[in-house]
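Engineer: Build the 3D model from these lines:
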Amino acid sequence: IKRAVEEMEALASLMENSNKKLATLGLVDGSLILWQLGGEGPPPGRFPPYIRNKLLEETFLPSLERIERIAKQHLVSVVGYISMPGSSEVVNLLRLILCDYKPHADCPRHCTKIPRGQRHCDTIHKTLDRDLFASFLTTGERSSLFKSRSSVVSNYYGSQTIYFFYLNNGKEIARVEIPEWIAKTPTLLNLTHFLLLDQCARGDGYPVALQEAHEQAVINTADREEFRAMVELALESSQIPMYTSEKQTSKRRRWV
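Structural biologist: Below is the predicted model of the structure:
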């Protein structure tokens, strides 16, 4: 989560210094929704409010707001690009059509005693959004816009509420997430669509800017060993034992 937050801060800084004469697209690899920060209570599983405030409300969302302010001066957009998405938010709407209790669907009330697989809505339980949109989106087309109903977005994102659409880039159906201010500005929405298709064409089905970022982010063996040594030194100085397998120890031990 901290990495995602720092990446958004860095992206906001890059876009503030971007060429104001050029339309600019900021790409994030993955979701703009920090799913893990939803809910209340202590770890494990839930984060206490002070962590959520620090990471989300004091850092991540202000970075999106910085980019929104830039967009008022010249054409910029920011997206979360998800390759081969595993979401089923749109497909879940179809469950209402198949529900035996519509228009008053109430799963906890009606279906808790019905074994999974025996409800009518279970006929689509393995279908993903990308399967649905692959059936009718042609190359270059995008779906309608959908608003995220996740609890963390509903409770904390405010004016940066996340919308999403699906895009057929010619190689796959990708999920694209955008803040509300882009979703409600046709010029920025169309610009986002066009620049994403251009990026995917240059990258043979995946945004070339993200490909380059992945190449630069590779951690080599020397970096890994240096990091391991730093961790071991820190633990040693605090008199905390560090355990590893004998197999791993043998790989680092010189034999004569």
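Engineer: Going by C-alpha atoms from here, please, whenever you check contacts or count neighbours.
Structural biologist: Fine.
Engineer: And what about the closest residue to residue 123 other than its chain neighbours, helix, strand or coil?
Structural biologist: Distance criterion CA to CA, 6 or more residues apart in numbering; nearest residue to residue 123, sequence neighbours excluded, is residue 117 at 7.4 Å. What DSSP: H, G, I helix; E, B strand; the rest coil gives for residue 117 is coil.
Engineer: Can you tell me the closest non-neighbouring residue to the residue nearest the centre of the chain?
Structural biologist: Geometric centre of the chain, nearest residue: residue 31, 1.0 Å, by CA atoms, centre = their mean. With sequence-adjacent residues excluded and distances taken as CA to CA, 6+ apart, residue 31 is closest to residue 80, at 5.0 Å.
Engineer: Please give me every residue in contact with the one you found.
Structural biologist: By CA atoms under 8 Å, 6 or more residues apart in numbering, residue 80 lies in contact with 27-32, 176-178.
Engineer: Which two of the residues you listed have the greatest separation?
Structural biologist: Using CA to CA, these span at most 12.6 Å, a distance reached by 29 and 178.
Engineer: who's more crowded, those two?
Structural biologist: residue 178 (25 against 18; other CA atoms under 10 Å).
Engineer: that older thread, mind checking pLDDT for the residue nearest to residue 31?
Structural biologist: If you check residue 80, the pLDDT there is 97.
Engineer: Next secondary structure element downstream of the helix or strand hosting residue 177?
Structural biologist: Using DSSP states H and E, residue 177 sits within strand 173-179. Downstream of strand 173-179, the next assigned helix or strand under DSSP H and E is helix 180-183.
Engineer: Return the set of buried residues in that next one.
Structural biologist: 180-183 (16 or more other CA atoms under 10 Å).
Engineer: Would you mind giving those residues as JSON lines with pLDDT and distance to residue 3 added?
Structural biologist: Formatted as JSON lines, the buried residues of helix 180-183 follow (pLDDT from 0 to 100; distance: CA to CA, whole Å):
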{"residue": "180", "pLDDT": "97", "distance to residue 3": "23"}
{"residue": "181", "pLDDT": "97", "distance to residue 3": "24"}
{"residue": "182", "pLDDT": "97", "distance to residue 3": "24"}
{"residue": "183", "pLDDT": "97", "distance to residue 3": "26"}
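Engineer: Residue 241 touches residue 234, doesn't it?
Structural biologist: No: using CA atoms under 8 Å, residue 241 makes no contact with residue 234, being 10.5 Å away.
Engineer: Who has more neighbours out of the two?
Structural biologist: Taking other CA under 10 Å, residue 241 and residue 234 do not tie; residue 234 has more neighbours (12 against 9).
Engineer: hmm, back to that, could you look up the SS state of the residue nearest to residue 31?
Structural biologist: Under three-state DSSP, the three-state class of residue 80 is strand.
Engineer: Roughly how far does it sit from residue 195?
Structural biologist: Distance, residue 80 to residue 195, by CA to CA, to the nearest Å: 13 Å.
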